[in-house]
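make a model of this:
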Amino acid sequence: MDIVEILQRIFPTDDQLRTELIAFALRLGWFTFFTLVAFLAGKLIPFLFQWIIDRFTPPLFSKPYDQVVAPLRGLIVRTGILIITAININLFQPYSGLYDFLEFFVYLALTVTVAWLFSRLVRQIIRIYGVTLIQYFSKEVDDFLLVGETVANVVIGFFAVIAFAN
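Numbering: from 1, shown residues only. A predicted model of the protein is given here:
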């Protein structure tokens with residue numbers, strides 16, 4: 001007995017509705033499968049990047065990676081999972097109501113997460129490299145860092161709002 005026969009016994013409906021239900025169930029199954037693959041890939045990719053950096057790059061590149069990118073590993077994983085989920089919701093395009101609902105929330109979460117990631121990256125870069133650059137010119141470090149981070153966050157927030165509006 002296959003799935004079609006089981007559905008016929010449970011839901012005695014016409015053929016067109018049955019075909020639509022089966023198509024929706026298949027799309028939902030693929031969406032679930034690809035989302036699980038995204039979670040697994042998201043958990044494994046940072047370790048793969050760390051292995052590639054440690055194995056194939058000179059120490060000149062591994063130190064900046066360890067200082068700037070490695071502390072943001074969890075945020076990078078979440079951003080990657082949301083990117084793959086945003087791609088996965090295209091499976092629901094034939095169902096415009098569901099697609100529009102999912103699209104709004106997934107793209108809102110993706111926009112906020114990407115903006116947060118860029119904000120944290122800029123913060124790490126300013127805190128690690130900006131301090132030495134500002135100290136080289138013998139200026140007050142605290143004031144310039146605060147102003148630099150604030151300006152960078154305003155610019156990132158502006159572009160995030162523009163990107164979500166599109």
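
CA only for contacts and neighbour counts going forward, please
Noted.

Ala109: how many residues sit nearby?
17 (other C-alpha atoms under 10 Å).

host element of it?
When secondary structure is defined using DSSP states H and E, the element that contains Ala109 is helix 96-125.

state the mean pLDDT of that helix.
Confidence over helix 96-125 (mean pLDDT, whole number) is 89.

so how far is that helix from its chain's centroid?
Offset of helix 96-125 from its chain centre (C-alpha atoms, centre = their mean, to the nearest Å): 7 Å.

mind listing what's buried in that helix?
Within helix 96-125, the residues that qualify as buried are 102-103, 106-117, 119-125, counting by 16 or more other C-alpha atoms under 10 Å.

ok, the residue nearest the centre of the chain - contacts?
Ranked by distance to the mean C-alpha position of the chain (C-alpha atoms, centre = their mean), the top residue is Thr79 at 2.0 Å. The contact partners of Thr79, taken as C-alpha atoms under 8 Å, 6 or more residues apart in numbering, are Leu110, Thr113, Val114, Leu117.

just put the residues you listed in CSV and tack on distance to Val147.
Putting the contacts of Thr79 into CSV (distance: C-alpha to C-alpha, whole Å) gives the following:
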residue, distance to Val147
Leu110, 27
Thr113, 23
Val114, 22
Leu117, 19
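
so which of those residues is the closest to Ala86?
Closest approach to Ala86 among these (C-alpha to C-alpha): Leu110, at 7.9 Å.

so the closest one sits against Ile84, correct?
No - the pair Leu110 and Ile84 fails to qualify as a contact (C-alpha atoms under 8 Å) at a distance of 10.0 Å.

which residues does stretch 56-72 contact?
The set of residues external to stretch 56-72 that reach it, using C-alpha under 8 Å, 6+ apart, is Ile53, Asp54, Leu117, Arg120, Leu121, Gln124, Ile125, Ile128.

would you turn those into TSV with distance to Ile156?
Conversion of the contacts of stretch 56-72 to TSV gives the following (distance: C-alpha to C-alpha, whole Å):
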residue	distance to Ile156
Ile53	28
Asp54	31
Leu117	10
Arg120	11
Leu121	11
Gln124	15
Ile125	15
Ile128	19
